[in-house]
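Asker: pasting the sequence and the predicted coordinates here, then a few questions.
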Amino acid sequence: MASWKELAVGLAAGVGALLLAFSGFMLWRRAPVCADPAAVIYQRFCRKLARAGIVRQPIEGPTDFAKRTAMLRPDLALGAATISELYIALRYAPHPNASELRQFGKQVRDFRPNQIKS
């Protein structure tokens with residue numbers, strides 16, 4: 001027969017294993033899934049600029065990022081401003097319009113930061 005110390009250790013190990021499994025499940029379940037289509041498209045825009053050497057800072061909002069992009073690359077000023085304005089309008093709208101989201105996606109797809117315009 002097991003002593004009370006062995007039972008306590010076994011119980012503590014079992015509870016610890018259950019807590020670890022539950023924590024893992026909760027973390028897996030809360031995996032970052034962005035349900036906001038406007039934010040997903042804007043992140044694509046930010047990645048394009050990052051590949052061109054203009055990395056958005058974590059504390060930088062869309063308007064400030066567009067202004068900094070314009071200072072660093074004046075040839076991208078209009079595109080960055082347009083995309084940022086569309087993102088802000090869509091991101092904070094109660095119910096974004098599907099056609100506006102498509103237009104926003106097209107703007108981001110057509111945005112080419114690696115090409116310098118003449």
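Answerer: Good, I have the coordinates.

Asker: counting neighbours, what do you get for Ile41?
Answerer: Neighbour count of Ile41, defined by other C-beta atoms under 10 Å: 22. From N, CA and C alone the C-beta is placed, and that goes for glycine too.

Asker: now Arg112
Answerer: Counted with other C-beta under 10 Å, Arg112 comes out at 12.

Asker: ok, it to Ala81 distance?
Answerer: The gap separating Arg112 from Ala81 is 16 Å, by C-beta to C-beta, to the nearest Å.

Asker: quick check, central residue of the chain?
Answerer: Gln43 (5.5 Å; C-alpha atoms, centre = their mean).

Asker: where's that one, which helix or strand?
Answerer: Secondary structure assignment for Gln43, by DSSP states H and E: helix 37-51.

Asker: now do that helix: which elements does it pack against?
Answerer: Counting contacts by 3 or more C-beta pairs under 8 Å, 6 or more residues apart in numbering; DSSP states H and E, helix 37-51 is packed against helix 62-72, helix 77-91, helix 98-110.

Asker: so which of these comes closest to Gly16?
Answerer: helix 77-91 (42.1 Å; C-beta to C-beta).

Asker: buried residues, the closest one. List them.
Answerer: Using 16 or more other C-beta atoms under 10 Å as the test for burial, helix 77-91 gives 79-81, 83-84, 86-88, 90-91.

Asker: quick check: angle from it to helix 62-72?
Answerer: Interaxial angle of helix 77-91 relative to helix 62-72 (axes from the mean of the first three to the mean of the last three C-alpha atoms, to 10 degrees): 170 degrees.
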